[in-house]
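1. just coords:
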């Protein structure tokens, strides 16, 4: 069963305002991070990364690591371009708030007030309750969590077509719950905001954002429009196994389409630190920036107006920012607007989360004034080793190798069921059915009590034409979890009661 990534970062470690008295100075911390990142890139098969760390409003580390193009040997620099996934929403929110500041949009007005080219589908709910504020804070009760991208050979749909469901699978944007009653993440809501910017300004979204937000901030190597100049700066993108994949494009630019560099985005991070003594951006007033970073009550404290809000357990620390992930890209941006500190990291590999999460943890430990420990470490996926075995030897020996490694090197790799599942779907997506079936079968043997692995194995068997075996595995999945809706639906389509 395919699992959708939820881009919210759940922070497991705490720190206090003791950075000024920490046991490791700034120079020593920078040296440690600088030495650690290259090894992490190697461990997790991520070709390249960039990092920016801000301390008391000032940049203490800004650097690129690894490669933006493995084949050509081009290294990552601070000017290398990265897609930053859902962090695009935070920057797009500045575009909306500038129109609010200018009196051209009312935060609490219905979105429908500004729409002529498209309208919310009829539902059991009042569309007038879908306000600009609720779209920005994901409390509008809308469907469509996130978007897959389009290949360079695809003809991209219009914004209206995307909202109506021509968007590579997520479906149309519609009201599915009472607006204002709870937080529900909706990339679709930000596509509505993208359209509203075009309706109100009479300009294309990407052009408005360039002239009114990005350029005035000094982010001149950033854009929501992927043209030749952006492509010339950009890294290639790579999957979770370090293999180059197609460069993706987006109609849903506000939700997922911003391309930027660490030099540019560190400027944006500093622009979010409205209390810094060096604060000087002229795009939004400090009052509006502060308002964006305050949690909206309807979100139950976890989201502002385009900013995620992360309360650190057992402290009074609250971080603001966003996470981002598209195929081949992983990114994180978090700032502390009280102490004027921040951490930003972008990677060009599908396994990049494993890198930025560890570096982010190291940053928090440092801010706590404590030495880093094993709490920050993540083991490389066993799937990388199994894929290497398949590439070299084929599938015949993967079972014996897997269980031998699990017996003798349990602490060296991450053996969770999600690791092999990801490898199985990698092969399934590439129509390497035999390899996919072999990997899912191994996962069933390794995790006999997991309904999810039987569901995934059944999917591969069905695609391979093994209907009887597929039915058996879907039934086993239901036996372990009678509420597995996916298995129920597949069996129903296959005529099984």
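-> Arrived safely, thanks for sending. Since the model is a prediction, treat every value here as computed from it, not as a measurement.

2. Quick check: can you list the domain ranges of the chain?
-> 19-375, 382-493 (automatic domain parsing).

3. Mean pLDDT and mean neighbour count added to those domains, as JSON lines?
-> Backbone N, C-alpha and C define where each C-beta goes, glycine included. Conversion of the domains of the chain to JSON lines gives the following (pLDDT from 0 to 100; neighbours: other C-beta atoms under 10 Å):
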{"stretch": "domain 19-375", "mean pLDDT": "95", "mean neighbour count": "19"}
{"stretch": "domain 382-493", "mean pLDDT": "96", "mean neighbour count": "18"}
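
4. Contacts for stretch 63-77 next, please.
-> If you take C-beta atoms under 8 Å, 6 or more residues apart in numbering as the criterion, stretch 63-77 is touched by 34, 37-38, 41, 46-51, 78, 80, 234-236, 238, 242, 244, 262, 348.

5. Ignore what I typed, I meant stretch 244-253.
-> Contacts of stretch 244-253 (C-beta under 8 Å, 6+ apart): 70-71, 83, 88, 92, 147-152, 154, 156-159, 161-162, 167, 187-188, 190-191, 194, 205-206, 224-226, 231, 234, 236-239, 256-257, 326-328.

6. most residues in a single strand of the chain, which one?
-> In the chain, with assignment by DSSP state E, the single longest strand is strand 58-69.

7. contacting residues for the closest residue to residue 403 other than its chain neighbours?
-> Leaving aside its sequence neighbours, residue 403 sits nearest to residue 446 (C-beta to C-beta, 6 or more residues apart in numbering; 7.8 Å). For residue 446, the contact set (C-beta under 8 Å, 6+ apart) comprises 402-403, 406, 415, 417, 420, 453.

8. one more time with 10 Å
-> Going by C-beta atoms under 10 Å, 6 or more residues apart in numbering, residue 446 touches 382, 399, 402-403, 406, 415-417, 419-420, 453.

9. Who are the packing partners of the longest helix seen in the chain?
-> Counting by DSSP state H, the longest helix found in the chain is helix 26-43. Where contact means 3 or more C-beta pairs under 10 Å, 6 or more residues apart in numbering; DSSP states H and E, helix 26-43 is packed against strand 48-55, strand 58-69, strand 341-347, helix 353-368.

10. Could you rerun that using 6 Å?
-> strand 58-69 (3 or more C-beta pairs under 6 Å, 6 or more residues apart in numbering; DSSP states H and E).

11. Toward the C-terminus from the strand it packs on, list the very next helix or strand.
-> strand 74-75 (DSSP states H and E).

12. Just checking: what are the partner strands of that next one?
-> strand 58-69 (antiparallel) (DSSP bridges).

13. what about residue 486, which SS state?
-> helix (DSSP: H, G, I helix; E, B strand; the rest coil).

14. how far away is residue 418 from residue 241?
-> In this view, residue 418 and residue 241 are 15 Å apart by C-beta to C-beta, to the nearest Å.

15. Residues touching the strand or helix carrying residue 453, excluding its own?
-> Secondary structure from DSSP H and E places residue 453 in helix 451-463. Outside helix 451-463, the residues that touch it by C-beta atoms under 6 Å, 6 or more residues apart in numbering are 1, 417, 421, 424, 428, 436-437, 440, 443-444, 447, 469-470, 473-474, 476-477, 480-481, 484, 487.

16. let's see it at 7 Å
-> Contacts with helix 451-463, where a contact means C-beta atoms under 7 Å, 6 or more residues apart in numbering, come from 1, 417, 421, 424, 428, 433, 436-437, 440-441, 443-444, 447, 469-470, 473-474, 476-477, 480-481, 484, 486-487.

17. Check stretch 415-422 too.
-> By C-beta under 7 Å, 6+ apart, stretch 415-422 touches 240, 381-383, 386, 406, 439, 442-443, 446-447, 450, 452-453, 456.

18. what about it, distance to the chain center?
-> 19 Å (C-alpha atoms, centre = their mean, to the nearest Å).

19. With stretch 267-276 instead?
-> The answer for stretch 267-276 is 22 Å, by C-alpha atoms, centre = their mean.

20. mind checking the end-to-end distance for that stretch?
-> Taking C-alpha to C-alpha, to the nearest Å, the first and last residues of stretch 267-276 lie 13 Å apart.

21. Can you tell me the SS state at residue 439?
-> Assignment for residue 439 (three-state DSSP): helix.

22. which residues does it contact?
-> Neighbouring residues of residue 439 by C-beta under 7 Å, 6+ apart: 420, 423-424, 427.

23. for residue 336, same thing?
-> Residue 336 sits next to 317, 319, 342 when contact means C-beta under 7 Å, 6+ apart.

24. Can you lay out those as TSV showing distance to residue 332?
-> Formatted as TSV, the contacts of residue 336 follow (distance: C-beta to C-beta, whole Å):
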residue	distance to residue 332
317	17
319	11
342	11
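
25. wait, which of those residues is closest to residue 269?
-> The closest of the contacts of residue 336 to residue 269 turns out to be residue 342 (C-beta to C-beta; 4.7 Å).

26. residues contacting the closest one?
-> So residue 342 contacts 54, 269, 273, 334-336 (C-beta under 7 Å, 6+ apart).

27. Point me to the helix or strand that includes residue 108.
-> Here residue 108 is assigned to no helix or strand, by DSSP H and E.

28. Tell me if I'm right that it and residue 131 touch.
-> Yes. At 5.3 Å, residue 108 counts as touching residue 131 under the criterion of C-beta atoms under 7 Å.

29. anything in contact with each of the two?
-> With C-beta under 7 Å, 6+ apart, residue 108 and residue 131 have no common neighbours.

30. Spatially, which residue comes closest to residue 68, not counting chain neighbours?
-> Residue 68's closest residue in space is residue 235 (C-beta to C-beta, 6+ apart), at 3.6 Å.

31. what do you get for residue 265?
-> Closest to residue 265 by C-beta to C-beta, 6+ apart is residue 344, at 5.9 Å.

32. How about residue 222?
-> The shortest distance from residue 222 to any non-neighbouring residue, by C-beta to C-beta, 6+ apart, is to residue 260 (3.9 Å).

33. do the same with residue 191
-> Closest to residue 191 by C-beta to C-beta, 6+ apart is residue 252, at 4.8 Å.

34. All set now, cheers.
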